[in-house]
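Visitor: sequence and predicted structure below; questions after.
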Amino acid sequence: MTKHDRIAQASEASLLRIFTVPEDADSTLSIIEQKLSEDLAGFLGKSIAALEKPLSLIETDFKAFQIPDSPRFVSDYTDEIMQNLVAHSVHTSAPSFIGHMTSALPYFVLPLSKMMVGLNQNLVKIETSKAFTPLERQVLGMMHHLIYSQDTDFYEQWMHSANYSLGAFCSGGTVANITALWIARNQLLKADGNFKGINREGLPKALKHYGYDDLAILVSERGHYSIGKTADLLGIGRDNIISIPTTADNKVDVAAMRQTALKLADDNIKVMAIVGVAGTTETGNIDPLVELSKLATELQCHFHVDAAWGGASLLSNKYRYLLDGIELADSVTIDAHKQMYVPMGAGMVLFKDPELAHAIAHHAEYILRVGSKDLGSQTLEGSRPGMAMLVHACLQIIGGDGYEILINNGLEMARYFASHIAADENFELITEPELCILTYRYVPKTVQLTIDKALANDDINTVERCNYLLDRLTRFIQKHQREQGKSFVSRTRIKPAKYHREIVTVFRVVLANPLTTHEILHDVLTEQAKIAKLDNEFLPQLLSIAKAY
């Protein structure tokens, strides 16, 4: 009987086998596990960013919508999934994949991830995570100390306290930001006299009791979209997320924020929170956190720092000054799955005051009892895995000295690439890197000279025509580079001060992968320049404008 003649059948015996640890190395499951490890290692060893296969064709491999009645052999399924899923996955760890936050992972997290999945701990409750709960509290203590640097007595008192929390683990920055602003709302509209608090009586009664007409959150125009989701979920409304313009260096204009706050006060709208961004998604810039803290104190509101991207830079003694003022925040978001080289799904929010988590505490006698050390009582998510173990592993195995090297290399690689772009007459550097993110675009020298001359002459029409065509050329290059699969950069749209805040489309690069080299960066630009010359629509029009100007 060949492999294809076999028919899998559901039975108590067969089900028992798949729930039982393989007895020896020669068992079927052990052999499959070894083969999967080898195949995955082969995939991760490739240098290309993605194989060329259109999404529409990949979708045909996943078009069945009925749950199959009959079981399948594990070996048959794994062969198919390697062919249809793994082979066409994006190779986010490739050294030439420099367009997004995902990067190469330390190889030790693979076997440790297997341990984490195999133990299957549920961090909602101590009864399902007896050892993982104190480990998670330790990691939160380490990250809290990284930000706030409290003394030994502080951590001995609060880190493992049953009724308090130094922070919360969550699936990512979105949930972390939601948690922080949920706390801000509940703290502002807490129980007072006969009023039982917003968490009991709701927003309309809370506003009436405190005498506000509405609430608002102030954040840079470069604030993450998760802030809008938060306003939606908390009943504040997305229109009450007030986006404040940025200065020429892509940092929030604090003076403009102060004026906005004064106008809101005149309209009897209370500023619930100020959000400082420490590592904007598009350009990687950091708001003036010290100034924002002073403004939050003036307004008597919560100060939250969204450092989902930039927070890991605190691990660098050389560059942590870039985040000066973060220690003044009431709460801070950091994603370990960004620059801390942890697999996806490891976000954190840290609270300066351990009592803040009380504002969102929930209890249920069947699972989250008052006085227990259950983490789920003070988190938005309930059941969740023990991702803190992988953060713990990286902190211990890489260590502070190792992170110093990784963070410094990423920031300095970005500075190198920026200087290389600036020196190339056919590329335009749009934003200088503050962290390890930068933006640029392909602009032939003659077109750059034309734009500069038009700007000097206040010829806005010519500038707009050139930028219109450059937007389309940038999309053309990025799309073809992605499809070829040798390398990958992302693209975004920003409003550079140079172009009077008109929106332009640019390449966006994130240089966090320690495997990325100078040579790879050179090759990325060479490839983009070659692709540009394949365009027979936008590039000729640009060159024609330049020739005629």
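Guide: Yes, it's here. Numbers count the residues shown, from 1 in each chain.

Visitor: need the longest strand for the chain.
Guide: strand 269-277 (DSSP state E).

Visitor: where along this protein do the strands fall?
Guide: Under the criterion DSSP E, the chain contains strands at 167-170, 214-220, 241-244, 269-277, 302-306, 331-335, 347-351, 427-431, 437-442, 490-494, 504-510.

Visitor: where does this structure have low pLDDT?
Guide: Low-confidence segments of the chain, defined by pLDDT under 70: 1-5, 15, 18-29, 39-52, 361-381.

Visitor: try it again with 80
Guide: Residue ranges of the chain with pLDDT under 80: 1-6, 8-55, 74, 85-94, 99-104, 122-129, 163, 357-383, 485.

Visitor: residues near S96, how many?
Guide: Around S96 there are 24 other residues, counting by other CB atoms under 10 Å. (Glycine included, C-beta is placed from N, CA and C.)

Visitor: oh sorry, the question was meant for N120
Guide: Counted with other CB under 10 Å, residues neighbouring N120 total 10.

Visitor: can you redo the strands of the chain as a markdown table with mean neighbour count and distance to H522?
Guide: A markdown table is the format used below for the strands of the chain (neighbours: other CB atoms under 10 Å; distance: least, CB to CB, whole Å):
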| stretch | mean neighbour count | distance to H522 |
| --- | --- | --- |
| strand 167-170 | 27 | 39 |
| strand 214-220 | 24 | 34 |
| strand 241-244 | 19 | 38 |
| strand 269-277 | 26 | 31 |
| strand 302-306 | 28 | 34 |
| strand 331-335 | 30 | 30 |
| strand 347-351 | 28 | 34 |
| strand 427-431 | 21 | 12 |
| strand 437-442 | 25 | 14 |
| strand 490-494 | 17 | 19 |
| strand 504-510 | 24 | 13 |
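
Visitor: let's have the ones you listed in TSV, adding distance to K263.
Guide: Below are the strands of the chain laid out as TSV (distance: least, CB to CB, whole Å):
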stretch	distance to K263
strand 167-170	34
strand 214-220	10
strand 241-244	10
strand 269-277	9
strand 302-306	20
strand 331-335	26
strand 347-351	30
strand 427-431	30
strand 437-442	32
strand 490-494	27
strand 504-510	30
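
Visitor: any idea which of the ones you listed gets closest to V117?
Guide: strand 167-170 (16.4 Å; CB to CB).

Visitor: can you name every helix or strand that that closest one contacts?
Guide: helix 132-148, helix 173-188, strand 347-351 (3 or more CB pairs under 8 Å, 6 or more residues apart in numbering; DSSP states H and E).

Visitor: tell me which of those sits most buried.
Guide: strand 347-351 (a mean of 28; mean count of other CB atoms under 10 Å).

Visitor: hang on, the earlier thing: could you dump the helices and strands packed on strand 167-170 into TSV with distance to G118 added?
Guide: TSV is the format used below for the helices and strands packed on strand 167-170 (distance: least, CB to CB, whole Å):
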stretch	distance to G118
helix 132-148	13
helix 173-188	25
strand 347-351	23
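
Visitor: nearest to L105, out of those?
Guide: Of all the helices and strands packed on strand 167-170, strand 347-351 sits nearest to L105, with 16.4 Å by CB to CB.

Visitor: list of residues touching the closest one?
Guide: With CB atoms under 8 Å, 6 or more residues apart in numbering as the test, strand 347-351 has contacts from 140, 143-144, 147-148, 165-177, 179-180, 183, 308, 330-337, 357, 391.

Visitor: hmm, 6 Å instead?
Guide: For strand 347-351, the external contacting residues (CB atoms under 6 Å, 6 or more residues apart in numbering) are 143-144, 147, 167-173, 176, 179-180, 331-335.

Visitor: before we move on, what about stretch 164-178?
Guide: Applying CB under 6 Å, 6+ apart, the contact partners of stretch 164-178 are 136, 140-141, 144, 158, 179, 226, 230, 306, 308, 333, 335, 345, 347-351, 354, 357, 378-381, 388.

Visitor: picking up where we left off before, quick check: which of the strands of the chain is nearest to N461?
Guide: N461 sits nearest to strand 504-510 of all these, at 15.8 Å, using CB to CB.

Visitor: please enumerate the helices of the stretch 251-400 of the chain.
Guide: Taking DSSP state H, counting those that start in this stretch, the helices of the stretch 251-400 of the chain run over residues 254-266, 289-299, 388-397, 399-423.

Visitor: how far does the longest strand of the chain sit from the chain's center?
Guide: How far strand 269-277 lies from its chain's middle: 21 Å, per CA atoms, centre = their mean, to the nearest Å.

Visitor: that one: partners in the sheet, and parallel or antiparallel?
Guide: strand 214-220 (parallel), strand 302-306 (parallel) (DSSP bridges).

Visitor: any chance of JSON lines for the ones you listed, columns distance to Q541?
Guide: Formatted as JSON lines, those follow (distance: least, CB to CB, whole Å):
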{"stretch": "strand 214-220", "distance to Q541": "35"}
{"stretch": "strand 302-306", "distance to Q541": "40"}
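
Visitor: these: which one's closest to E12?
Guide: strand 302-306 (51.3 Å).

Visitor: figure out how far the closest one is from the centre of its chain.
Guide: Strand 302-306 has its C-alpha centroid displaced from the chain centroid by 16 Å (CA atoms, centre = their mean).

Visitor: can you check stretch 524-534 too?
Guide: Taking mean C-alpha positions (CA atoms, centre = their mean), stretch 524-534 and its chain are 29 Å apart.

Visitor: same question for that stretch: list its buried residues.
Guide: Buried positions in stretch 524-534, judged by neighbour count with 16 or more other CB atoms under 10 Å: V524, L525, E527, Q528, I531, A532.

Visitor: what do you get for stretch 239-256?
Guide: Across stretch 239-256, burial judged by 16+ other CB under 10 Å covers N240, I241, I242, S243, I244, T246, N250, K251, V252, D253, V254.

Visitor: kindly check the end-to-end length of it for me.
Guide: Length of stretch 239-256, first residue to last, CA to CA, to the nearest Å: 18 Å.

Visitor: residues in contact with it?
Guide: Stretch 239-256 has contacts (CB under 6 Å, 6+ apart) with 216-218, 220-221, 227-228, 231, 257, 260, 283, 285, 287-288, 291, 497.

Visitor: do the same with stretch 436-447
Guide: By CB under 6 Å, 6+ apart, stretch 436-447 touches 284, 410-411, 414, 418, 421, 425-431, 474, 506-512, 528, 532, 542, 546.
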